[in-house]
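Student: need a 3D model of the following:
(one chain, ligands or ions: 2)
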Amino acid sequence: MNSTLHDCQKLWINTHIATLDPQVKAPYGLLKNHVIGIQNGKITLLSPQQNLDLDYFKGEIIDAQGNYLTPGLIDSHTHLIYGGERSGEFSQRLNGRSYEEISRSGGGIMATVAATRALTENELVEEARPRLEALLVEGVTTVEIKSGYGLTLEDELKMLRAAKQLADSYPVTLRRTLLAAHAIPPEFQGNSNHYIELICNELIPQVAEERLADAVDVFCENIAFSSVQSEQIFVAAKAAGLGIKVHAEQLSNSHVSALAANYGAWSVDHLEYLDQAGIEALQKSGTVATLLPGAFYYLGETKKPPVKLLRQHKIPMALASDLNPGSSPLASLRLMMNMGCVLFGLTPEEALQATTRNGAIALGLGKSTGTLSVGKAADMLLWKIDDPAQLACQFGERSLQQRIYAGEMANV
Ligand code: DI6
Ligand code: FE
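Tutor: Numbers count the residues shown, from 1 in each chain. Ligands and ions are numbered 1, 2, ... in the order given. Model (predicted):
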């Protein structure tokens with residue numbers, strides 16, 4: 001018996017494996033006619049099928065019948081815990097009011113803050129359940145959830161705890177991000193620096209101490225926080241040992257991407273107004289550029305992120321849903337892959353990299369998930385397709401046959 005088979009409890013045979021591993025020099029890191037073996041939730045073997053003598057294998061064999069395996073999908077930017085809904089704003093915007101106008105007149109994020117504060121942790125979990133389930137049935141195996149609709153110490157912690165309670169009831173890896181700097185709370189209007197102090201001096205240390213989040217995020221925008229305030233948050237996050245992410249250059253260029261990159265940010269997200277200097281800073285730091293085509297589409301934006309320049313500078317690009325009630329009420333990562341190609345010009349291969357490998361890096365999980373490589377989590381999807389490009393090209397069909405989480409069959 002081949003010695004490496006000893007390291008496997010289960011094997012998937014008769015499959016083509018889109019590893020997404022950059023070491024595998026083929027489109028999608030494709031290994032045709034390979035076998036993948038797993039043990040204790042991790043990948044332990046990748047081998048051409050013809051090299052293995054399976055007659056003596058004592059574990060479980062799953063016949064993939066010539067179908068394709070990919071890594072589990074990673075939605076690296078969501079706001080899926082919240083109360084209420086904002087379809088009224090949708091109608092207002094269809095009548096010509098802008099997102100910024102609605103926000104400045106007390107709607108927008110503040111409307112969701114009021115609705116979120118009014119709910120208990122358990123109620124938030126129940127409200128969010130259908131949204132998370134929508135992502136999971138499509139093949140998401142790792143999801144990031146942000147706070148940011150509480151904006152008080154207790155309500156931000158309530159959101160982070162709700163995210164954990166929710167994700168604990170599903171086969172999914174959760175990463176949590178503290179986005180207390182999402183909007184200036186009513187209690188601090190005209191006094192946003194005091195709110196930033198509260199975040200830096202109290203909230204971030206407590207969240208780090210109690211391990212309630214993995215990273216910290218800021219909405220740096222004219223209608224939210226300045227780049228100076230963002231930098232204070234980056235300093236505090238770094239001191240607390242948390243990752244850094246930022247909503248950057250979405251509606252204007254505040255040059256915060258370069259600033260965040262200098263602090264070693266995991267990702268900078270949106271980037272419609274990102275310039276050459278920003279791209280060069282990302283290149284130096286290895287920061288992921290996360291593109292959010294759902295918000296671009298839903299807000300009817302016209303300025304597109306500089307995808308050609310990002311590609312030229314070899315910046316890893318991620319795609320995420322940005323699932324939230326105001327600017328992207330779109331619970332589908334497959335739709336984002338399609339939009340990433342149609343609206344932003346990504347290739348289907350880039351779209352799949354963006355929702356697997358690069359999503360993992362954007363969450364500080366590049367070593368443990370995101371590609372099908374020996375040693376990484378056995379989070380895998382089996383698709384009835386003839387070409388991995390179909391995953392970005394098509395939308396709405398049911399080609400996912402098996403959703404495998406940590407080596408276990410985990411269809412949702
Ligand atoms: N992400 C956000 O946090 C804000 N925009 C975005 O793309 C808005 C969220 C909201 O309107 O509730
Ligand atoms: Fe967002």
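
Student: could you use CA atoms for every contact and neighbour count after this?
Tutor: OK.

Student: what residue in the stretch 101-250 of the chain comes nearest to ligand 1?
Tutor: Nearest residue of the stretch 101-250 of the chain to ligand 1, counting by C-alpha to the nearest ligand atom: Ile109, 4.2 Å away.

Student: local confidence estimate at that residue?
Tutor: On pLDDT, Ile109 comes in at 96.

Student: likewise Gly148?
Tutor: On pLDDT, Gly148 comes in at 98.

Student: look up how far ligand 1 lies from the residue nearest to the spatial centre of the chain.
Tutor: Nearest to the geometric centre of the chain sits Ser76, at 0.8 Å (C-alpha atoms, centre = their mean). Counting by C-alpha to the nearest ligand atom, to the nearest Å, the gap between Ser76 and ligand 1 amounts to 12 Å.

Student: need the next SSE after the lowest-mean-pLDDT helix or strand in the chain, C-terminal direction.
Tutor: Across the helices and strands of the chain, mean confidence by mean pLDDT, DSSP states H and E is lowest for helix 99-104: a mean of 91. The helix or strand immediately downstream of helix 99-104 is helix 109-117, counting by DSSP states H and E.

Student: buried stuff in that following helix?
Tutor: Using 16 or more other C-alpha atoms under 10 Å as the test for burial, helix 109-117 gives 109-114, 116-117.

Student: check stretch 212-225 too.
Tutor: So, applying 16+ other C-alpha under 10 Å, buried residues of stretch 212-225: 212-221, 225.

Student: out of these, which are close to ligand 1?
Tutor: Among the buried residues of stretch 212-225, not one lies near ligand 1 by C-alpha under 6 Å from any ligand atom.

Student: for those residues, give me CSV that also has secondary structure and pLDDT.
Tutor: Conversion of the buried residues of stretch 212-225 to CSV gives the following (DSSP: H, G, I helix; E, B strand; the rest coil; pLDDT from 0 to 100):
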residue, secondary structure, pLDDT
Leu212, coil, 98
Ala213, coil, 98
Asp214, coil, 98
Ala215, strand, 99
Val216, strand, 98
Asp217, strand, 98
Val218, strand, 98
Phe219, strand, 97
Cys220, strand, 98
Glu221, coil, 94
Phe225, strand, 97
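
Student: what does the stretch 1-150 of the chain put close to ligand 1?
Tutor: So far as C-alpha under 6 Å from any ligand atom goes, the stretch 1-150 of the chain lies against ligand 1 at 108-109.

Student: off-centre distance for stretch 392-403?
Tutor: Distance, stretch centre to chain centre, for stretch 392-403: 19 Å (C-alpha atoms, centre = their mean, to the nearest Å).
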